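# Please work out how this folds:
(chains A and B)
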Amino acid sequence: MEGQLKLKAARALCVGAGGLGSPVSLYLAAAGVGVIGIVDFDEVDYSNLQRQIIHGTSDVGRSKLDSAKARLNELNPEIEIITHEMALSSRNALGLFADYDLVIDGTDNFPTRYLVNDACVLQGKPNIYGSIFRFEGQASVFATKNGPCYRCLYPEPPPPGLVPSCAEGGVLGILPGVVGTLQATEAIKVILGVGEPLIGRFLIFDALRMRFRELKLQRDPDCPVCGEHPTVTELIDYEQFCGVTTTAASPSGAMVEAEHEVTVEELKDRLERKESFLLLDVREPQEFEICRIPGSLLIPLGDLPSRLSELEGRDDMIVHCKSGVRSGKAVRLLHEAGYGKARNLRGGIIAWIDRIDPKLPKY
Amino acid sequence: MANRILIPTPLRVYVNKQDVVEAEGQTVGELLRNMTAEYTALRNHLYNEDGKLRSFVNIYVNDDDIRYLEREQTLLKPGDTVSIIPSVAGGARP
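Okay, the predicted model is just below:
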């Protein structure tokens, strides 16, 4: 009973009402956590329903917060759901976190992860961390009194484009279900002060092999946020920290410098002038079936290293994929292999469809 | 002495889709250099232009972060497994 009262008195904030936020908030509500705050600013879309199980078909088009709140209130009318319709930012995070006892990180991009981490450390709130990629998930508990924080593990984010987003490779729908439930478990353990939470432990889940493994984490005494002599004492510009541009131009996230990129307009010109060069498509065969740029050669990115011989003698190349991230990788690879003139098509076939040939089907 | 290196999902495309590769090396540094000599496309993802290991990639020997061992000078024993753990961020949105 005492435990149940502790749960009722607890205030947990879920950042994100999506793949991870769905199972986390459902289980915390079922467990009777007294106040659950949710931060999101998105609307429910059909493509969400494969994994964001708090939402249903009848919620499509509705705000994710409204949908989540309705579902959670129905599950447990005895608790309070507070919705925060906003994009978490350096301007609002500290004030928001101050009202809660712990924060559950269910976000999907690096700038926000660093923001959540830093705000948790600065406010002294545990950060129940979970993240997923394709078939693997990670979970841990950061920002506790003597434990490590996210920056102890990853002091710096990768440059944009070096680590693909779910858009590039998709994600197994059940994966956030497992990781989100792990996060809910850790949240409850932290609230109740029972068991051995994942403090100083980094849990990695491989769904395909159904294996869990654990890595040891330590608090880094030189950590700029939670170390002995912190240099980060207030929230910073995380977009800049992560090198994410905020221009309206296509977020290709390519890790290729501008001189190694071409626009779809330039490609169109070169094709019209019948210039001699290779247009290389590095998507998967099923994507090629849906739409392609005439004259392109398909070599999926995964096969490229072993099929480089097919490119012998082809010096001048323009490489594309769906949106410009995989092709950015391919261009890097080609440069390494001696094809210094390979260039990336910024925005990929999606930009081609948007600006040059809208008749092609999008996907 | 060959040791296994566990390759994380985002980097498997650079090692012919394998999830484990083997390489020779007495130390972690030697092992990784030998591995990236064979799989050159991986080099950029592990090392920056100055030849230093990138900070958003963590290297573990069994369960221990090499930062808290001898870093790249960490000696390897037979049966030790080296893991590359990159940061990933996916959670809510495709």
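
# Could I get the buried residue list for stretch A:191-205?
A:191, A:197-205 (16 or more other CB atoms under 10 Å in any protein chain shown). Heads up, the C-betas are built off the backbone N, CA and C, glycines and all.

# nearest residue to residue 35 other than its sequence neighbours?
No chain was given, so I picked chain A. Spatial nearest neighbour of A:Val35, excluding adjacent residues (CB to CB, 6 or more residues apart in numbering or on different chains): A:Arg11 at 4.1 Å.

# please go with chain B instead
That would be B:Ala23: by CB to CB, 6+ apart, it lies 4.0 Å from B:Met35.

# quick one on the thing from earlier: wait, the residue nearest to A:Val35 touches A:Leu96, no?
No. Using CB atoms under 8 Å as the test, A:Arg11 is too far from A:Leu96 to be in contact (11.4 Å).

# Select the longest helix from the chain.
No chain in the question, so chain A it is. For chain A, the helix with the greatest residue count under DSSP state H is helix A:175-192.

# Actually, chain B is the one I wanted.
Longest helix of chain B, by residue count under DSSP H: helix B:28-38.

# Give me the buried positions along that helix.
So, applying 16+ other CB under 10 Å, buried residues of helix B:28-38: B:28-36.

# quick one on the thing from earlier: list the buried residues for the strand or helix carrying the residue nearest to B:Met35?
Under the criterion of DSSP states H and E, B:Ala23 resides in strand B:20-24. Going by neighbour count (16+ other CB under 10 Å), the buried part of strand B:20-24 is B:21, B:23.

# Could you do stretch A:40-56 as well?
Within stretch A:40-56, the residues that count as buried by 16+ other CB under 10 Å are A:40, A:42-44, A:48, A:51-55.

# quick one: strands adjacent to the strand holding B:Ala23?
strand B:2-6 (antiparallel) (DSSP bridges).

# by how many degrees do the partner strand and helix B:28-38 diverge?
Using axes from the mean of the first three to the mean of the last three CA atoms, to 10 degrees, the inter-axis angle of strand B:2-6 relative to helix B:28-38 is 80 degrees.

# who touches strand B:2-6?
B:19-25, B:31-32, B:35, B:76, B:78-84 (CB atoms under 8 Å, 6 or more residues apart in numbering or on different chains).

# quick revisit: let me know the closest of the buried residues of helix B:28-38 to chain A.
B:Thr36 (10.6 Å; CB to the nearest CB).

# quick one: the closest one and B:Arg43 touch, right?
Yes. B:Thr36 lies in contact with B:Arg43 (CB under 8 Å); the separation is 4.3 Å.

# give the contact list for A:Thr263.
Contacts of A:Thr263 (CB under 8 Å, 6+ apart): A:345-347, A:351.

# How many residues are close by A:Met210?
When neighbours are counted by other CB atoms under 10 Å in any protein chain shown, A:Met210 registers 7.

# Read off the pLDDT value for it.
We have a pLDDT of 92 for A:Met210.

# do the same with B:Ile66
B:Ile66 is given a pLDDT of 93.

# Could you report the distance from it to chain A?
11 Å (CB to the nearest CB, to the nearest Å).

# thinking that residue is in contact with B:Ile59, fair?
Yes. Checked against CB under 8 Å, the pair B:Ile66 and B:Ile59 is within contact range at 4.8 Å.

# which residues in chain A form strands?
Remark: strands assigned in chain A by DSSP state E are A:11-15, A:35-40, A:80-85, A:102-105, A:127-133, A:136-142, A:201-206, A:211-216, A:261-262, A:278-281, A:297-298, A:317-320, A:342-345.

# Of the ones you listed, which is nearest A:Ala70?
strand A:80-85 (9.0 Å; CB to CB).

# quick revisit: which outside residues touch the next helix or strand after the longest helix of chain B?
Helices and strands here follow DSSP H and E; after helix B:28-38, the next one along the chain is helix B:43-46. For helix B:43-46, contacts defined as CB under 8 Å, 6+ apart pick out A:162, A:332, A:336, B:11, B:14, B:32, B:36, B:53-54, B:57, B:84, B:86.

# Take the residues you listed and lay them out in JSON lines including distance to A:Ser63 and pLDDT.
What follows is the contacts of helix B:43-46, written out as JSON lines (distance: CB to CB, whole Å; pLDDT from 0 to 100):
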{"residue": "A:Leu162", "distance to A:Ser63": "33", "pLDDT": "56"}
{"residue": "A:Arg332", "distance to A:Ser63": "40", "pLDDT": "85"}
{"residue": "A:Glu336", "distance to A:Ser63": "46", "pLDDT": "81"}
{"residue": "B:Leu11", "distance to A:Ser63": "37", "pLDDT": "82"}
{"residue": "B:Tyr14", "distance to A:Ser63": "41", "pLDDT": "84"}
{"residue": "B:Leu32", "distance to A:Ser63": "47", "pLDDT": "94"}
{"residue": "B:Thr36", "distance to A:Ser63": "47", "pLDDT": "92"}
{"residue": "B:Leu53", "distance to A:Ser63": "43", "pLDDT": "86"}
{"residue": "B:Arg54", "distance to A:Ser63": "39", "pLDDT": "82"}
{"residue": "B:Val57", "distance to A:Ser63": "38", "pLDDT": "82"}
{"residue": "B:Ile84", "distance to A:Ser63": "40", "pLDDT": "92"}
{"residue": "B:Pro86", "distance to A:Ser63": "34", "pLDDT": "76"}
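
# Name the SS class of the residue nearest the centre of chain B, please.
Closest to where the C-alpha atoms of chain B average out (CA atoms, centre = their mean) is B:Ile84, at 3.9 Å. Following DSSP: H, G, I helix; E, B strand; the rest coil, we place B:Ile84 in the strand state.

# what residues are up against the closest residue to it other than its chain neighbours?
Counting by CB to CB, 6+ apart, B:Pro8 is the residue found nearest to B:Ile84 once chain neighbours are left out, at 5.6 Å. Contacts for B:Pro8 (CB under 8 Å, 6+ apart) come out as A:136, B:83-86.

# who wins for neighbours among these?
A:Glu136 (23 neighbours).

# ok, now how distant is it from chain B?
5 Å.

# Is that residue in contact with A:Met210, as I believe?
No. Using CB under 8 Å as the test, A:Glu136 is too far from A:Met210 to be in contact (11.7 Å).

# where does the chain have low pLDDT?
Because you didn't say which chain, this covers chain A. Applying pLDDT under 70 to chain A flags residues A:159-170, A:243-258.

# um, chain B though
For chain B (pLDDT under 70), the answer is B:88-94.

# For it, what lies in contact range of chain A?
B:8-10, B:12-14, B:16-17, B:39-41, B:43-45, B:54-56, B:58, B:60, B:63-65, B:67-68, B:83, B:85-94 (CB under 8 Å from any CB of the partner chain).
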